[in-house]
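[1] please find the sequence and the predicted model below.
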Amino acid sequence: MASPADLPARIALMEAGLELVADRVGDITGPVVARLYRRCPAARASFVRLGLGRPDALAAQMVETTLHCLMSWPGDRAMVEITLRETLPHHCLTLGIAPAVFRALAEETAHLIIAAIPADCAAERAVWEDIRTGILGAIAEAERSPLIARAAVQAA
Ligand code: HEM
């Protein structure tokens, strides 16, 4: 794990990576949602069902929320872990979103960012690879929630 002294540098690299992505791709929302829908048609159905007539607005809001979690990871990992531990069961049990669909949005968001950082910006890419690994690990941990396990047993 990075030492606390590295933190300002890691946050600066995280932000520099995002600036590179903004220069090359602009707003990532459209491409992320397109990749998510190609991979998980169920995601589109969920945004339509839950979007109160504005599915694109809800999808954009969730990309923004996911991006916020990714950006907050280096500086406030504990807060992101708690958020994911609470919100994943809520998405799964109350909103009816499969954990695989939830995870896919995080994967596609991180993938798009990393793929858009030029190969010669190795330090920025490395920080974003660490963020992706960390977030996906935290999501896997949240998927092991006893609440989700109990619901799966009851549904069986
Ligand atoms: C891909 C499918 C997803 C859909 C359809 C979806 C949908 C929603 C909806 C409808 C809400 C409002 C919930 C309410 O008011 O009760 C919400 C809230 C929220 N979502 Fe998502 N979401 C998705 C993925 C994600 C992902 C990947 C993350 C984070 C990495 C995330 C983080 C949050 C957070 C933090 C909230 C607010 C707190 C909460 O209600 O638990 N969502 N989402």
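    Everything's here; your move. Numbering: from 1, shown residues only.

[2] which elements pack onto whichever strand or helix holds residue 135?
    Assessed by DSSP states H and E, residue 135 sits inside helix 122-143. In terms of contacts (3 or more C-beta pairs under 8 Å, 6 or more residues apart in numbering; DSSP states H and E), helix 122-143 is packed against helix 7-25, helix 55-72, helix 77-89, helix 99-116. From N, CA and C alone the C-beta is placed, and that goes for glycine too.

[3] show me which residues of it are buried.
    124-125, 127-128, 130-132, 134-135, 138-139, 142-143 (16 or more other C-beta atoms under 10 Å).

[4] next, the angle from the next helix or strand after that helix to helix 99-116.
    Following helix 122-143 in sequence order, the next helix or strand is helix 146-155 (DSSP H and E). Taking axes from the mean of the first three to the mean of the last three C-alpha atoms, to 10 degrees, one finds helix 146-155 and helix 99-116 inclined to each other by 130 degrees.

[5] give me the buried positions along helix 146-155.
    residue 148.

[6] so the most centrally placed residue in the chain versus residue 119, what's the distance?
    Geometric centre of the chain, nearest residue: residue 106, 2.7 Å, by C-alpha atoms, centre = their mean. Distance of residue 106 to residue 119, computed by C-beta to C-beta, to the nearest Å: 23 Å.

[7] now swap in residue 21 and tell me
    14 Å.
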